Structures are given as structure tokens and as C-alpha cells.
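> task: produce atomic coordinates for the following.
(4 chains)
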4 protein chains.
Amino acid sequence: MSDSKGTVVLAYSGGLDTSCILVWLKEQGYDVIAYLANIGQVENFEEARKKALDLGARKVYIEDLRQEFVEKYIWLAIQANAIYEDRYLLGTALARPCIAQKQVEIAQKEGAHYVSHGATGKGNDQIRFELSCYALCPQIKIIAPWRMPEFYTRFRGRGDLMEYAKKHGIPVPVTPKSPWSMDENIMHISYEAGILENPKNPAPPGLYTKTKDPATSPDVPDILEIEFKKGVPVKVTNVKDASTHLSSLELFVYLNEMAGKHGVGRIDIVENRFIGMKSRGIYETLAGTILYHAHLDIEAFTMDREVRKIKQGLALKFSELVYNGFWYSPECAYIRHCICKSQELVEGKVQLSVFKGQVSILGRESPQSLYNKELVSV
Amino acid sequence: MSDSKGTVVLAYSGGLDTSCILVWLKEQGYDVIAYLANIGQVENFEEARKKALDLGARKVYIEDLRQEFVEKYIWLAIQANAIYEDRYLLGTALARPCIAQKQVEIAQKEGAHYVSHGATGKGNDQIRFELSCYALCPQIKIIAPWRMPEFYTRFRGRGDLMEYAKKHGIPVPVTPKSPWSMDENIMHISYEAGILENPKNPAPPGLYTKTKDPATSPDVPDILEIEFKKGVPVKVTNVKDASTHLSSLELFVYLNEMAGKHGVGRIDIVENRFIGMKSRGIYETLAGTILYHAHLDIEAFTMDREVRKIKQGLALKFSELVYNGFWYSPECAYIRHCICKSQELVEGKVQLSVFKGQVSILGRESPQSLYNKELVSV
Amino acid sequence: MSDSKGTVVLAYSGGLDTSCILVWLKEQGYDVIAYLANIGQVENFEEARKKALDLGARKVYIEDLRQEFVEKYIWLAIQANAIYEDRYLLGTALARPCIAQKQVEIAQKEGAHYVSHGATGKGNDQIRFELSCYALCPQIKIIAPWRMPEFYTRFRGRGDLMEYAKKHGIPVPVTPKSPWSMDENIMHISYEAGILENPKNPAPPGLYTKTKDPATSPDVPDILEIEFKKGVPVKVTNVKDASTHLSSLELFVYLNEMAGKHGVGRIDIVENRFIGMKSRGIYETLAGTILYHAHLDIEAFTMDREVRKIKQGLALKFSELVYNGFWYSPECAYIRHCICKSQELVEGKVQLSVFKGQVSILGRESPQSLYNKELVSV
Amino acid sequence: MSDSKGTVVLAYSGGLDTSCILVWLKEQGYDVIAYLANIGQVENFEEARKKALDLGARKVYIEDLRQEFVEKYIWLAIQANAIYEDRYLLGTALARPCIAQKQVEIAQKEGAHYVSHGATGKGNDQIRFELSCYALCPQIKIIAPWRMPEFYTRFRGRGDLMEYAKKHGIPVPVTPKSPWSMDENIMHISYEAGILENPKNPAPPGLYTKTKDPATSPDVPDILEIEFKKGVPVKVTNVKDASTHLSSLELFVYLNEMAGKHGVGRIDIVENRFIGMKSRGIYETLAGTILYHAHLDIEAFTMDREVRKIKQGLALKFSELVYNGFWYSPECAYIRHCICKSQELVEGKVQLSVFKGQVSILGRESPQSLYNKELVSV
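Residues are numbered from 1 along each chain as shown, chains lettered A, B, ... in the order given. Modelled structure (predicted):
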């Protein structure tokens, strides 16, 4: 190990790309620590651990960040009504700083000078990841193989990766690659690239994996009551079966279930990436969609109009910062403080139905309401 | 007529309130010209004309403003993606300056020094109406009976109006008053007040008049292609039956029909009125909802990201100005100019489905697209 | 006292107008408590106390609010770099909520249901005063004689006031009224109306009372070093004589002296009043002008660029709110919190000269500086 | 010439750096066309032409851009009240797109595929220059020697340049290099770097080259009347000697003379550069400072308050875009259009004095004034 170039903490997914990167990093002379964040994606974590160790990782970290992701990242987005370019609820963007923060923490604990990731050189994720790492640890060094000529000229396509895998004993996926790329976490899943790149082509049947098609979803709505304190959901009640869900993670998972059952949260958009190009993305955001609507409603009900306008301006900026990867920047820290401050009185219950792809607000009540029935009546 | 206090142009609806106001104005010594704007509401205009004449109106103007309303007001809102407090598409607010502008025109043509309306003293509409009139004709005098003690102390409730009606030969409505108030035009209908005032109570079954309940709407979507030029829809094609709709009014009416058939456009919100109080409103916005989504999509597809951000800021202000009745203010004129300017390259076709209350974007194409498939692909 | 309409706390200046109002209020059947705020204006307070008692005031409060005014109001404006329409440093606007807050406090302590003031019906001050009172005590009742027909039709000009004064034993000013109106406090003095109303006419010679004419001010500058902590000045040192000034009030008075000596702080502007009209104002803002420049400099030196931009947007809104009298509104409270938060690292020393009407920054240093000499050098 | 790598249009200043670059480019195998823009700096253009030809330039372009710079760039900044971070009037930033635009035009005319410049790798100017070039001609290739390792590792300091100069017959400056760098044009001069880099050190005596020291400037002011049409100055009259100045270039030069005579336009600031670092700059902006104050005044006098607020927001963004080099971006084109639109009624005359470093507004008049003397008077 004396000849090692040093230790690198690699954000490892278990898939073909990062498995090849793991081996390639070792080939370059690095010690590799594999790091796998559980942010709610479907994954066989133990199998991935074994695979990483088999490929020569010195150590494997599997970190369950789901609760942290919900409470420290998603809740702020809900408080902000964060939405990028009027439509995207930022599911992927919110996860990056959460993942990066733990990766930097591991690097610091392990004395590693390097972190590495498998993000491509044209996407937002490389930027979100790297800005987070640099903000948290300015002296960290980042190895981004897909931007390094010695890597990308060697691996010009999937074929090269497959060949390299075979040669180095990396297990090759048996199922064919899906004709688009996906990114999943507890908040959402994205579908991009491949045959989806032509923005004119509709999403093919069978693309969506987390929500029922509204055409075949149940013919009877679920009615939910969501209770907020300081702009954050603290309790979800299903009015029909009277089941209640209290902790942040539990209620979020339950809302995911409800949204999935009723086909809530699909969108197909073209968005402007940080590095300038336009990109087509198809997303499913489940609980996030329900909570976006519910929070908008309780906030409008309890917040002073003029405070709301100011906060709305800040939230616009917040959404842009999050999309572009600036979660850990000074300006985002400042805005996060200001947004939290605005939520002190955002408290109450919202009733809504989920049905056939739609969230419909039915009513709301609050101990903090600024609504005055006497005033408003004719 | 020598003893007349002068001529007043009254915005007349044919209903109990403005009929009483018509007679009351004559009682006060004014000559009354009744003015009834056709902005797409369901109404028997000829019956209303006859009624106004019977009650003593010197003249009756019935003006079909539907095309003007669509082209000069609604189209700008579509170009702006105008939305108040993130949810309300401004259906009522957009109609006021359109109605007022013609009323002032009639007053000027008739040499009338007064205009009058039946709006209450707590709502937004009095303000929208009056700001428009003053902006267009600063010397006009406005008679707002519901803010005049000599009127509102005499008519303390519907009972007083009914009694007055009977005494003065004003036809009394035979159907009981609905337990909420409604305002309708070609863009939307609102339901407010009465039993809806308690924001906790859901909309009662049967309230909605323009959209099918998604629970009973067709089980098969309609697929529409909407073509835009300079940010304005110029053609709607139903992909299934290949029917096309070209003129502004025709395509708008067709989209209303499609939205109504599939239950698109219902919302239930609490909003902040201009004069400060919070108010609960339930709305159906049909074609407006489809076009809001379609325009968002084609704009995101064709507009430079940074131009979009600036335009988004202007549109936020525009929405607020329209809501508050400042359509004819200098700042709104300025913003309208800037928004139009931003739309020069917003051109192309959006495919979408309407189904079970939802508008879902399926794809888009444009000769002006800034989308670059080569660039975006990995 | 059983026949009294109640007690009114009158903002009393000792001048002709409010003396007449005091007597007139008694005439109308009110008990009057005179309240005179010392916010740094030139005034014989004891004479005013005697006068008020002579005129029948039941009680007189003379409150020294200078320190409170500096620390709770002016310091926030300095932190915000508050400036209205790019030029006006808000000297009068900042004083109103300070004065009103104490007046409401006195009313509450004395069980008075009324407060009264002598502001005219066209200015900003009536609004600033009244919005503050209502925000602090929504049930308070305000008596604004200059907006009441029974008062303003009786007192149509200064002649009527003089006559009334003579009749009621109110001491009549012996010096002729100045040909413009003035408002003074520790932060600034304003000159408006009268012969200044024509915006084309230059300020007449001799108008300025607090600053030397730069043409005759000293030919040698004073060099000052101002130290800031959390965006607030905590120490002023005169570099030449090494005198230091530490407490908020003391250093503010000292900066007033320096600015006055060197002719710093004069402006002549046309501004937009809250109620819509444009108005010409001439101002002298002494210490406020020095601190505006010094704070801009230390803030630029220590604050992150992007945080600064966000804060700049908030400060623009803050300035508008303060100008319009909304200091005690929820949105202003929110913005004040956010502005304070932005100042945590605004710390350091600024050297500047005051000379011939100008404040010139000479240099700055800070333990918190984000300035990096290594980085910047070529 | 068949072996040439192609033709490069070099922004040539006649100084040591760009002379070495010229020779170095030839050494690398390029044909070099020297381009020297006259934007009002003090320069012996004919000597520079000869020098460039002597050093092997194939052709030399000397372009007098002064009028274009004033009318197409500076006038827009005046209309916008453009100011970066509340203090910097953008003198250097405005010149870059003007210079670049002509350079690209020459490259296109000459069929050159390359443009080159001598800006350093840490400043704003490289970015302003390059963004302009790419926006105007996306396929142009930029050679920036100071960012190329083969250049900057060879020329590690002034010593290396001197040696190279001697070796290649490049005339070596006889006067020692000033202890700071300067950039000059008709609008301003900047002093940066070198001994000025420590932000604590005051500007040394004798630094300023364009303005008199207020301590020794005349003891009698000049009184000027500046007339605006559509927000642009069209006539300057010296009230004392009745001299008038009408064309854009002539009046701008005259205002420069007046400002210089009276010491107007010096500032010493720390600003945030585009690439993130803070930088200390000392500037003299002469006519620009006078016009900034005069335009602010006539605009406030003639523009609707609410339009002004919207325009102010746009101008803030405009200033940032100009500072960062985005003059030719789509968003800046859009904002420039909107700002121009806002100026349609900004018309009238402002009287002001220039004296001892200060511009003092004395009065204003306008045929378009929204000022209403009747309304405002008490």
C-alpha cells in the first residue's frame, strides 16, 4: 500500500459503470473505499457490498440516509414550495447534497484525499455533487472519470465497459440496458436520455415504475388529512380507514404509497440544465406532489400576504440554487434560514383527495389562520 | 329630462341586484343606460334587454366582447403564464378591465358622466372595475351603491331587495338563490361566499357546473395538439378525430368543451384579496387550464433560460397587477409590452392528453427550439 | 370629567398647529395628554411642557427617544443600506414608527382610547404614523384633525389659526413662518413645500441649517475610522486628533458634527409619495450619509457576493416599506429579521475622509474579510 | 503563408504585453492582424501602427469607436442608471463588448478564424471579451495566451517579457512600469493591482490622472443644464458662459472636461469579480458620474413610480450582466429592449453644479412631468 496514490471514496451504485470505475481506480493506483447511500432507491445493498469487496474495495460503507434526506432536505423543499421552472419538484437535485455530505464525512473519517463519482460530463449531477463536496471540504480532490480523457477515450460506449468488465471479472448485467437512464430515490424517479431524448416522442407505455396509470387506478379516491407544524407535515390520517402516520419517514412512505396507488406525480418536461442546454426529463414524484399541494394550501391559509410574496421570491431563488447544486453555498444557507423563519405560523390541517392522477384540496383549518369569516362575508 | 342629475351607464346583469339598482338610480334622479357585456356567460341577453327597458332604462347596450376578451386579455395571460399566488388563473380578474373598457367607451359616446356597478364593498371586483374606469377616463364619476350608506342601510339583505322589487314591478327570481355566489365568463366560473365561506367545508356535491366529475368522466382520453405562434395558440387539432380549430374564439370554445368533458380545471383555494382579507374561492377554469400547461411547455422548450427567469419575474408582478385590478395602469402597460416582446420565438406544437381531471403533456416540437439532441446525449 | 368623550394622547410639538389642535380637542370634549418626543430636534422642551399645561393638557409626557431611535431604527437602516428611490436616506420615515410606538405605549398606560397628530392630509407622515399605531394597537382610535371637515373647513389657512390662537390665549409665534416647512430629528432635516414646491427653483441661499456650505467649509479634511460589528458602528476614531467615540448615541452625534462641519449630506430630489403624487424635498442627512458610505464599503468587503444580492433585494423592499410607513407590518418584521441575519460577519474598520461635501472611502480592513490578496494578484 | 496555422486578429495595445504576444503568435505559426480600438484612451495610435507593422503584423486596423461607444453602450447605461454593487459605474465593462464587436467584424471580413487578447486569467476582462466574441460569432476560436501553459510558464513575470522583447527587437518601455495597472477609455480610468491590492492602503498621492484633487480644484462651481430626450442627454449648456454642446460625443467630452476640472468621479471600492474573488479598484468616472446623477433626477421626475420600480429591478440585473460580460446574451438584449422602452417619456432639463468633487442637483423641469404643484401643496 506504500505505493498507493492515496485513498478515494467512490460513490458506488453496484451497477456496471461504477463497478468499472472501481476497478479502473485501483488500476490507476488508488485505494478504493466504496460508499453506497441508501436514499430510498430499490437496491440489493448486501449484494452490492459483496460485489464491491470482490472487486477490491478496501472497505464498503452502506449508509441509510433516508430519514436525514426527508427531514433535512425534502422538508425544506416542502416549506419553500420549491419548484424549478414552474414544474420540477427537484427530486434528484435534493438528494445530491445529502449523498455528498456523507461521502465527505467518510473521506474525512478515513483520511481520504479523494472522492469519486460516476456522473457524466454533461449532466447536472456532476456539478451538484462537486459543488457540495468543495463547499463542505475545500481541499478535497475530485476524480470524475467521465470527464478525464484517459477514461472517456478508453470507454467510448457500453461495449467498451462490457468488455472491460469481462476482462476484470466484473459481473455483467444479464438484463439488457433499459433504453433510457433512471435515477431513483425516496422522493422521485427520473427517466432521461436514450429514446426519450427526442422531446416529441411520448413516454412509451410501461415506462412508469412507481405510479399506477390513472386509466387503471382505483375508481374510488383516498381522502387524507395532513397536519402541518412550522410548515412541515407531522401527521397523516387516512379519513376512510382512520389509519395515522406520525414520524417523518413513515408518513412520507405512506404518502408515496397513496400517490403510487392513484397515479399521482407524473410529469414530462423540458428543462434548462445548469450548463446551459435544454434537456427532456420524465419524472414521478409521489409524496412530494401531494405535499407540494397541501403545503401551498396551508401556507396560503396562514401566512400574511406580503410575507408570502417576499418568501415566494426567496423560494424561486432557492429552487434555482438547489437545481444548480448550490445547497451548501453561503447564499443557500442564508435563504434556508429565511425560509424556515417564514414558516413559524404555518400550522394546521389540510384535507385532500388523491384520485386518478390528481391531488384535490377539499378544505383546511388552522389555529393560526388569518382567515376571518366575519370579515369576508358580504 | 331637464331635472335629471345626469346620465349613468350601469353595468347591468339582469339579476335582482342590478335591477333594483337600476330603479333606485332612476329614483335618485339619474337617467340610466343599461350595459350588458357578453363575455361568454350563460344568459338570456334579449330577455335582459327587455327587462331593463321595462324598468325604465333609457337605452340598453348589449355588447359581445367574447373575441376581444379572448384575444386582448386571455391571450396575454397565457403568454405570461399568469397565475396568482401559485394557483389562481385569474378568470374573473381578466374580465373586469375588458367589461369596464367598453362601459367607459359607451359613457363617452353617450356623454354620460357616471358609471355604476353592483359589486359589493368587500370584494376585488369593485376595485378592478373602478381602477379600470379611472385609468381610462380620470374624470368619470363612479356610483357604487353597495358602498353608499343611503343604499346599503336601506337594503340590508335579500329580503329588502325582494320587497323593493315587488313594490317597483321588478320581476322577482322564482328559483331560490343559490347558497353561494357565482361569477361566470368564457374563461371560468367562480363559487364563493355563503356556505362555502367556511374554508374547512368541502365543496358540496353538485356545485360544479362546467366540468364533469373526474369520477364519471370518460374512460378514454382526448389527445390534442396545440400550435402556438408568438406565445399564442393558433390551431388546435384533436388527434383522434383530426378535427381542427383555428380562430381564437373557436379554438378557445373547443378547448372549453374538451376540458369540461374530462373534468379539467377545478380548484379550491384560499387567496389574499386586494383589500387584505383572505377569501375562499372555488373555480373552474377550463380552456385556461389546458393552455396554461401547454404554453408553459412550449415556452420552456423555445425560450432562453435566462430570458425566461426575467420574464418569470415580470409575470409574477403582472399576475398581481391583474388580480388587483391594475390592468390599465402604466406599470401594467409596461409589463404587457415586455411580456409580448419575450414571446417572439415561442412557437411550436404541444401534444397533450386531457383525462380524468388532468392535462398531461406528451411531447412537443418547434422550428425555434433551443433543444439540441446532439448536445444533450451522453 | 364625567362628560369627557375620553382621553386623547396628542403628539404635541409646541408649535402653533398642535397648540390649536390641543385646545380644539378640549373644545370637542376630550381630555388631552400632550406627548412630546425628543428625537434630537432643536426644541425648548420645558417651555413646551409649560405651554401645553397652560393650554389645558391634563398631563405632559416628554420622552427622550434619541438612543432608542438610533439603536432600533437608524442602525437597521444602516445595516440595510436603506435608500428610497436611489437617493433618500429615510430620515423622517424612520422617526415616525419610533414616535408612534411610544405614543401608543402612553395611551395604553393611561387608558386612553385616542391618539391624535397634526400631520396634514396629503403627506406621508399621517400614513406612517397611523399604520404604526394600528399595527401596535389595532383597537386604538386616531383623531386626524387635518382630515376632518369640521376642522379643516374651520382652519383654512394660517390666518384662521392665528385668530383662533389669539382668541384662546395660545401664544402666537413672533417670528414669521418660514417660507417652507421643516421636519427635524437627530438623523436629518427636511425642507419642503412653500416656495420649494416648484421643482425648477434651486434651494434659496441660507436654507440649509445643519451643514456648512462646501464653498466655505474647512480646507482640510477630517479623517475618520469607523469600526463595525454585525453591520453596526461601534467606534469612531478621528485619525488626526485620536479622539474616540464609543456609545451609539455619542458616535452618532459626533458624526453629525463632522458631517455638518464639512458640508456632507445635502440632497435635492423629487420623490414619489405613498399616496401617489410626486413631491420635491431637500434634505440634510449628516451622520447617516457618512454611515451609508462606510457600511456599503465594509459590507462589500466582508459579505459573500450572492448573499449580498439577495440582501440587496430585501433591502430595496425594506426601504419602500419604511418610506410608506409599514415598519410594524408582518412583512417588515420578517425583512428586518432577514437583514439582521445577513450582518453577522459584517465586521471591520473603514477609513474615510469628510471634506467639501464629500465622503471618500480611503481603505478598509476586516478580520472577516473574504478578500484574498494572493488570489487577486496577477 | 501556406504553412500558416491561420490568421488571428489580435487586440493590440502597443504596450509590452501585446507586443510580445504579437511576436509569439507569429512564432507559433499564425498570421497576425493587429487591431487597435480607439475608445478614447490617451494613445499615440500612429506610433502603435508602425510598431505593429515592424513586429510583423500583416495588417493593422485602427478603429475610432468613440462615438459608437458613447451612443450604443454608455447611453444605455445612463438610461438604466446602471451601477454595479451600488457603486461602480461600469466604465471598463461597457467598453469590452464594443471593442470585441469590431474585432469579430474584422475577423469575419478578413476570414480569420482566430481572435486573441492580452487579458490575464484572473480578471473580468477575459470573460467579457470572450463571451462577447462567442455570442457574436459562435465558431470563432479564441487564443488567450495568459491562460495557456506554453505561454504563462514561459513568461513568468515582467522580466521574462523584457528579455523576450530585447531578443526579438520589440521596443522596451523606457519609463518604469507604474506600480499598479490602469485601463482607460472615454468613460473612465481604473487603477488596480500592484501596491493597490492591499485594500487598507489609501490611494497614493498622484495616482489620479483625470480629475483635479478637490482640495485644489476651483473655488467657484460650474453650473450646467443638461437636456434629456428619451433618457439620453441631447444638449449641455454651461449656464455661466452660455456655451452649448449638442452632439453625443461632443457633449460627453465637454462633461468629462467639467468633471475633471472640479474633481468629480473618484471612487475607491472593493467589488466582487465574476469569477468569485473580491478585488479592490479605484476609478475615475467623469462625465458618467455627472450623467448618472442628472438622469436619476430627470427619470424620478418624469417616470411613473411603479414603472420605475420594475425598471429598477431590470436595471439591477442589467448592471450585473454588463459587469459579467453578458452584453450580447439573449437576456441582456431583452433587458436592453425593456429599459429603452421605459425611457420614452424621460425628457426635460436638469440644472446642476459641479464643485469640489460633487455633483449637486439644483432643479429640474419637464414637459412630461408627472409633478403636479396643485396636488402637492398643503
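> okay, CA-based contacts and neighbour counts for the rest of this
Noted.
> what does chain A put close to chain C?
Counting by Cα under 8 Å from any Cα of the partner chain, the positions of chain A adjacent to chain C are A:304, A:306-307, A:310, A:330-331, A:334, A:338, A:341-342.
> in JSON lines: these, plus neighbour count.
Below are the residues of chain A next to chain C laid out as JSON lines (neighbours: other Cα atoms under 10 Å in any protein chain shown):
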{"residue": "A:D304", "neighbour count": "21"}
{"residue": "A:E306", "neighbour count": "16"}
{"residue": "A:V307", "neighbour count": "17"}
{"residue": "A:I310", "neighbour count": "18"}
{"residue": "A:P330", "neighbour count": "16"}
{"residue": "A:E331", "neighbour count": "23"}
{"residue": "A:Y334", "neighbour count": "20"}
{"residue": "A:C338", "neighbour count": "21"}
{"residue": "A:K341", "neighbour count": "15"}
{"residue": "A:S342", "neighbour count": "24"}
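> and which of those residues is nearest to chain B?
Within the residues of chain A next to chain C, proximity to chain B (Cα to the nearest Cα) peaks at A:D304, which comes in at 8.5 Å.
> go through the residues of chain A next to chain C and flag which are in helices.
A:306-307, A:310, A:330-331, A:334, A:338, A:341-342 (DSSP state H).
> and chain B, which of those residues contact it?
Checked against chain B using Cα under 8 Å from any Cα, these yield no neighbours at all.
> which among the residues you listed gets closest to D:G265?
Among those, A:E331 lies closest to D:G265 (Cα to Cα), at 32.2 Å.
> show me what contacts that closest one?
Shown in contact with A:E331 (Cα atoms under 8 Å, 6 or more residues apart in numbering or on different chains): C:304, C:306-307, C:310.
> which stretches in the stretch 51-200 of chain A count as strands?
Ranges of strands in the stretch 51-200 of chain A, per DSSP state E, counting those that start in this stretch, are A:59-64, A:114-116, A:141-143, A:181-184, A:188-192.
> minimum distance to D:E130: which of those strands has it?
Nearest of these (Cα to Cα): strand A:141-143, 27.7 Å.
> what does the closest one contact?
So strand A:141-143 is contacted by A:113-117, A:130 (Cα under 8 Å, 6+ apart).
> can you give me the distance of A:D3 to chain B?
Separation of A:D3 from chain B (Cα to the nearest Cα, to the nearest Å) stands at 35 Å.
> meant to ask about A:G265, not that
Noted for A:G265: a distance of 11 Å to chain B, by Cα to the nearest Cα.
> what's the pLDDT at that residue?
A:G265 carries a pLDDT value of 98.
> surely it is in contact with A:G357?
Yes: A:G265 is within contact range of A:G357, at 6.9 Å (criterion: Cα atoms under 8 Å).
> could you name every residue contacting both of those two?
Both A:G265 and A:G357 are contacted by A:A259, under the criterion Cα under 8 Å, 6+ apart.
> compare the two (neighbour count), which wins?
Ranked by neighbour count (other Cα atoms under 10 Å in any protein chain shown), A:G265 and A:G357 place A:G357 first, with 26 against 23.
> residue contacts, the more buried one?
A:213-214, A:259, A:262-266, B:356, B:358.
> out of these, which sit inside strands?
Cross-referencing the contacts of A:G357 against strands under DSSP state E gives A:266, B:358.
> how about the strands in the stretch 251-378 of chain A?
Here the stretch 251-378 of chain A has its strands, by DSSP E, counting those that start in this stretch, at A:266-272, A:278-285, A:348-355, A:358-365.
> please identify the pairing partners of the third one and their relative orientation?
Meaning strand A:348-355. Neighbouring strands of strand A:348-355 in its sheet, by DSSP bridges, are strand A:222-229 (antiparallel), strand A:358-365 (antiparallel).
> the last one vs strand B:278-285, what angle?
Compare the direction of strand A:358-365 with that of strand B:278-285 by axes from the mean of the first three to the mean of the last three Cα atoms, to 10 degrees and you get 160 degrees.
> alpha carbons only: can I get strand A:358-365 in CSV?
What follows is strand A:358-365, C-alpha atoms only, in CSV (Å, rounded to 0.1, in the frame of the first residue of the first chain):
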residue,chain,number,x,y,z
GLN,A,358,-54.8,14.2,-9.1
VAL,A,359,-54.4,15.8,-5.8
SER,A,360,-57.5,17.9,-5.0
ILE,A,361,-57.7,20.1,-1.9
LEU,A,362,-61.0,19.7,-0.1
GLY,A,363,-60.7,22.0,2.9
ARG,A,364,-58.4,23.3,5.5
GLU,A,365,-58.4,24.5,9.1
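> tell me which helix or strand in chain A has the weakest average pLDDT.
Ranked by mean pLDDT, DSSP states H and E, the weakest helix or strand in chain A is helix A:373-376, scoring a mean of 56.
> which ones among the contacts of A:G357 map onto helices?
Here DSSP H is the test, and these give A:A259 as lying in helices.
> next, format the contacts of A:G357 as a markdown table and append distance to D:P179.
Output for the contacts of A:G357, formatted as a markdown table (distance: Cα to Cα, whole Å):
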| residue | distance to D:P179 |
| --- | --- |
| A:D213 | 72 |
| A:P214 | 72 |
| A:A259 | 67 |
| A:H262 | 72 |
| A:G263 | 69 |
| A:V264 | 66 |
| A:G265 | 63 |
| A:R266 | 62 |
| B:K356 | 74 |
| B:Q358 | 68 |
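> and the nearest residue to A:S19 once chain neighbours are set aside, how far from A:G14?
Distance criterion Cα to Cα, 6 or more residues apart in numbering or on different chains; nearest residue to A:S19, sequence neighbours excluded, is A:I170 at 6.9 Å. In this view, A:I170 and A:G14 are 10 Å apart by Cα to Cα, to the nearest Å.
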